[in-house]
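Visitor: Just need the structure, nothing else, for what follows:
(2 chains)
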Amino acid sequence: MAEGRDRMVNRLRATRAGEYLDLRRRVRRLEAEVQECRALNIRLAELTDIVTELLLPVAARDEEKLAELLEKYRQSV
Amino acid sequence: MGTQSARNRLGASRALESRPVGFLGRVRAVTVDADGVTARAPRETVMDMLVDGRRVYSFWLHRDGSRVGGRVGGRVGIRWRVPWPRTLQEFLDGTARFTVVVHETGEQVFDDEVTLGPGSGRIEIVNRNGQPLSLDKSWRRVVTFDTRTAQNIEPLMHAIEVVLAALRDAGIEAFLAYGTLLGAVREGKLLGHDSDADLGYVSRHTHPVDVIRESFRLQRALIGLGYRITRYSALAFKVDVDEGDGVVRGLDVFGGFLMDGHLHLMGEIRVPFEESWIFPLGTTTLEGRTFPAPADPDRLLTATYGPWRTPDPAFKFAPPATTVRRLNGWFRGLRVGRARWDRIYSRVLKGMPEPSPFIHWVASIEGALGTYVDVGCGRGADAIFMGERGEPSLGLDFQPQAFAAAERETADNGLVNYLTMNLLEIRQVLSVGAILARRPGRTVITARHLVDTTKKPARDQLWRMSRMMLSGEAGGRLYLEFLSNPGSDGYAGQHRVRRRRPAKIVAELEAAGGTVVHREKLAVSTAPGASKVCRLIVEWRPGHG
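Guide: Coordinates of the predicted model:
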């Protein structure tokens, strides 16, 4: 039964209308995926900001300075 | 420009072509009544509405109106009706002289005393301080420049200079942009119908990641100078400037960059552009002062407004979908839901709400904590309650107005504190998380009606922050309460929440390394048709961090 349905779906897809609908669906999905990729820009910038502003100085392991730095960073974002 | 959401509007606006309003373009059969303004005009026309001689708002007859049939003055034909703006309705009770003017020609097409509503007095459109209000292009109420004196404008001019200087110190050559540039170049002054000042800059970087990092750096520099910053997106923010008479006005700073032969400027522009049209910057005059402007302001204004030499106070941005998609994808998504909560907390909030039944339940289980944290604390009553029990308490919310009263009330109480934190800004989440993770003792986090007002990207950050704070040796728990079964009692609307399926939330928690140790559903009241909430207790076992 499921096999019969699959065959039917494939036959419908092969028609011009089916191809058209299929392409529309794929374009929509591609657009969503492009947006997902674009969203990585913010993520990357935020993480880089944290690494350069916080993690590099943190590696110096000065406890007092670290607490001060964390608070100053929080206030600045 | 207005807020980000208004900027994003892809309304059905067409570019206003400058066509003569001749015989064929005549506006006729204009009426003003309880339904709004109705007129016949074969061509799209920008019109101003004056109330007792003062311009209050402008509209496009076709774009903002809808067709109505009917017979006027013995003639049958299509007329267009523009209803009263919702933001104006509360004032429209009484009598006033209404004047409708064709913006382009100044022709008066209606001028008469009209009585609206049952009121008998004069209609006055003013704010609580008695200052005249107008509507901006998105029909939001503003104290616009045309009702303000030179003395009022002076602090803003000063603020523009100060912010431009601060940006310059940070290595950024900013210039007047959008409506402020238009006002300067066309009229040498602030546009009367405008309500804020806009600055722009074009980065020397050419990749979204680099220009975002630069924007973060700028924000730090301005905070260092003592300014309050509200970020609109990863490439635009507002600098609050106190004008001295109690009016706080926002100075918008829009970042831009050149990439692939195009200028990208938040929040609406992506056009083919050459660097030489921006740099080296030139100057323009605004209210008698000299300010930097792009090398070729005509190019930028045309990219922004089209035929900008013809005034159009009802102009709305309608960038192509490809531009909106690019700018949204690269820079936006940090303020989801914020406009709604800004609106809710902009009202006058009376009294402090009672602590929630939920926090009573949490307090019956937990005590002697190192830290209690309420994420999405709203008015902040639960943090005050835990503070009164001797627990060091912290309320976090992305809308600082929400907890302003609680913060004032607890100003002398070192045990209770509030911070602004936006779950969608990872820099904030990680830095607050790191500070709290370092505190000694057991930590309890609560989030009441947070997961049912936020979407997955924000919830993922809540789980991340919880894991940071709870997977240490001292341990702790996350307590959640959210709507699981909406009833007929209006609970969802009152709390502005949407149903969440517990199984879905539990799956998210487990994917983030959490272990649900308690799960229950309970009715919010004994009334028939009462909604049900789900309560979860979650732990992050050491080593699962």
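Visitor: For residue B:284, which non-adjacent residue is closest in space?
Guide: What sits nearest to residue B:284 in space, not counting adjacent residues and going by CB to CB, 6 or more residues apart in numbering or on different chains, is residue B:293, at 3.9 Å. Every C-beta, even on glycine, is put in place using the N, C-alpha and C of the backbone.
Visitor: Just list whatever residues bridge to the one you found.
Guide: As for beta bridges, residue B:293 partners with residue B:282 under DSSP bridges.
Visitor: my guess is it contacts residue B:282, does it?
Guide: Yes: look at residue B:293 against residue B:282 with CB atoms under 8 Å: they come within range, at 5.3 Å.
Visitor: Now do the contacts for the residue nearest to residue B:284.
Guide: Going by CB atoms under 8 Å, 6 or more residues apart in numbering or on different chains, residue B:293 touches B:175-176, B:181, B:184-185, B:281-284.
Visitor: Count the neighbours of residue B:494 for me.
Guide: Neighbours of residue B:494 under the rule other CB atoms under 10 Å in any protein chain shown: 10.
Visitor: If you could redo that for residue B:363, that was the one I meant.
Guide: Neighbours of residue B:363 using other CB under 10 Å come to 18.
Visitor: Checking it next. Helix, strand or coil?
Guide: Here residue B:363 is recorded as helix under DSSP: H, G, I helix; E, B strand; the rest coil.
Visitor: how about the nearest residue to residue B:345 once chain neighbours are set aside, what does it touch?
Guide: Using CB to CB, 6+ apart and skipping the chain neighbours, the partner closest in space to residue B:345 is residue B:401 (4.0 Å). Residue B:401 is in contact with B:342, B:345-346, counting by CB under 8 Å, 6+ apart.
Visitor: Can you tell me which of those is nearest residue B:521?
Guide: Residue B:521 has its nearest neighbour among those in residue B:345, at 29.8 Å by CB to CB.
Visitor: Just say helix, strand or coil for the closest one.
Guide: Assignment for residue B:345 (three-state DSSP): helix.
Visitor: Skipping its backbone neighbours, what lies nearest whatever residue of the stretch 51-200 of chain B ends up closest to chain A in space?
Guide: Closest contact between the stretch 51-200 of chain B and chain A, by CB to the nearest CB, is at residue B:170 (12.9 Å). Closest residue in space to residue B:170, ignoring its immediate chain neighbours: residue B:221 at 4.3 Å, by CB to CB, 6+ apart.
Visitor: what stretches of chain A score poorly on pLDDT?
Guide: Residues of chain A meeting the criterion pLDDT under 70: A:1.
Visitor: give me that answer again for 80
Guide: Scanning chain A for pLDDT under 80 picks out A:1-2, A:56-62.
Visitor: Go ahead and flag the most central residue of it.
Guide: residue A:36 (4.0 Å; CA atoms, centre = their mean).
Visitor: And that one, how far from residue A:30?
Guide: Distance of residue A:36 to residue A:30, computed by CB to CB, to the nearest Å: 11 Å.
Visitor: same check, this time on residue B:220
Guide: 37 Å.
Visitor: Of the two, give the one with the bigger neighbour count.
Guide: Set side by side, residue B:220 and residue A:30 show more neighbours around residue B:220, with 19 against 10, by other CB under 10 Å.
Visitor: Helix, strand or coil: sort out residue B:38 for me.
Guide: Assignment for residue B:38 (three-state DSSP): strand.
Visitor: what bridges to it?
Guide: residue B:31, residue B:81.
Visitor: Can you give me the distance of it to chain A?
Guide: 41 Å (CB to the nearest CB, to the nearest Å).
Visitor: what's near enough to touch that residue?
Guide: Per CB under 8 Å, 6+ apart, neighbours of residue B:38: B:29-31, B:68, B:79-82.
Visitor: please redo it, this time with the cut-off set to 6 Å
Guide: Going by CB atoms under 6 Å, 6 or more residues apart in numbering or on different chains, residue B:38 touches B:31, B:79, B:81.
Visitor: ranking these by neighbours, who comes first?
Guide: Result: residue B:79 is most packed of the contacts of residue B:38 (other CB under 10 Å), 22 neighbours.
Visitor: any idea what sits nearest that residue, other than its immediate chain neighbours?
Guide: residue B:40 (4.7 Å).
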